[in-house]
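Asks: give me coordinates for this.
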Amino acid sequence: MERGNAEAAIDTWLRKHRLLYVGATRHRFILDIRGGVVDLPSFKRWLAQDYIFVRAFVAFLASVLVKAWKESDVDSDVDVILGGIAALNDEIAWFKNQASKYSIALSSVIPHQKTLDYCRFLESLMRSEVGYTEAMTACWAIETVYQESFRYCLEEGNRVPEELQEACQRWGNEEFGHYSEALKQIANRRLEKESDVVDEAEVIFLGILEHEIEFWNMSYGAV
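Replies: Residues are numbered from 1 along each chain as shown. I've put the predicted structure just below:
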């Protein structure tokens, strides 16, 4: 990809892979939450499995921080990632509180195969041969799918039940949207700087969308 086009790499992907992106951010699970018709067993299954995923995501984001420290040409990148890591501490506490609310024993939850697959995918991105640019692209994609999904749940006309409003606010709020945008700016800047890895980063982006869709599917009991 020519340098002049690399800055818009992510926007190009979003247009090119629109159907897959919409499949991840407007999945039936999200539409059912927005419409107030999601069934409680599905939500509880998602909650328990996402807790497992978030713990793996902490390790992944820590690896991105190390890559930023070693490879980033802008000091503020580290600050952005540190902010994300700090927020995860609160996020894990939220999952524990929600689990208590719904009588879910997190220590007894068995990881679903789709959860294991996604966690292994994250682990593969922690390898030293995966560069900062590719890792940051993955970080942006993961956070943005949740931000876009739950922000939609909060938009005008929603019928989200009161007991699920907190979950939607956690990822759909404006502050998290700013964080997602900051990650996108970093990723686009790095893709411009390292245009030779744009194709590899695109494959990672697609992989994340596919895993996100499978994760939502799993919430409805899909094998």
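Asks: what is the burial count for residue 159?
Replies: The number of residues packed near residue 159 is 10, by other CB atoms under 10 Å. (Each C-beta comes from the backbone N, C-alpha and C, glycine too.)
Asks: now residue 23
Replies: Residue 23 has 16 nearby residues by other CB under 10 Å.
Asks: tell me the spacing between the nearest residue to it once chain neighbours are set aside and residue 69.
Replies: Among residues not flanking residue 23 along the chain, residue 213 sits closest, at 5.3 Å (CB to CB, 6 or more residues apart in numbering). For residue 213, the distance to residue 69 (CB to CB, to the nearest Å) stands at 33 Å.
Asks: who's more crowded, these two?
Replies: Legend: neighbour count by other CB under 10 Å for residue 213 and residue 69, higher for residue 213 (18 against 13).
Asks: gap between that one and residue 132?
Replies: Distance of residue 213 to residue 132, given as CB to CB: 26 Å.
Asks: hang on, the earlier thing: just checking, the residue nearest to residue 23 touches residue 21?
Replies: No: using CB atoms under 8 Å, residue 213 is not in contact with residue 21, being 10.0 Å away.
Asks: ok, longest helix in this protein?
Replies: helix 40-71 (DSSP state H).
Asks: what stretches of the chain score poorly on pLDDT?
Replies: Scanning the chain for pLDDT under 70 picks out 1-7, 222-223.
Asks: which residue is nearest the middle of it?
Replies: Geometric centre of the chain, nearest residue: residue 142, 2.3 Å, by CA atoms, centre = their mean.
Asks: same for the host helix or strand of that one, what does it pack against?
Replies: Using DSSP states H and E, residue 142 maps to helix 132-154. Here helix 132-154 touches helix 18-25, helix 28-35, helix 40-71, helix 76-101, helix 162-172, helix 174-193, helix 198-219, going by 3 or more CB pairs under 8 Å, 6 or more residues apart in numbering; DSSP states H and E.
Asks: tell me which of those sits nearest to residue 146.
Replies: Closest approach to residue 146 among the helices and strands packed on helix 132-154 is made by helix 162-172 (4.3 Å; CB to CB).
Asks: and residue 215, what does it touch?
Replies: Residues in contact with residue 215 (CB atoms under 8 Å, 6 or more residues apart in numbering) are 46, 49-50, 53, 114-115, 118.
Asks: scratch that, residue 144 is what I was asking about
Replies: Counting by CB under 8 Å, 6+ apart, residue 144 has contacts 180, 183-184.
Asks: could you rerun that using 7 Å?
Replies: 180, 184 (CB atoms under 7 Å, 6 or more residues apart in numbering).
Asks: how close does it sit to residue 164?
Replies: Distance, residue 144 to residue 164, using CB to CB: 21 Å.
Asks: for residue 108, give its distance to residue 146.
Replies: Residue 108 is 25 Å from residue 146, where distance means CB to CB.
Asks: and those two? Which one has more around it.
Replies: residue 146 (19 against 7).
Asks: excluding its backbone neighbours, what's nearest the more buried one?
Replies: residue 171 is the one closest to residue 146 (CB to CB, 6+ apart), at 4.3 Å.
Asks: how many other residues sit next to that neighbour?
Replies: 20.
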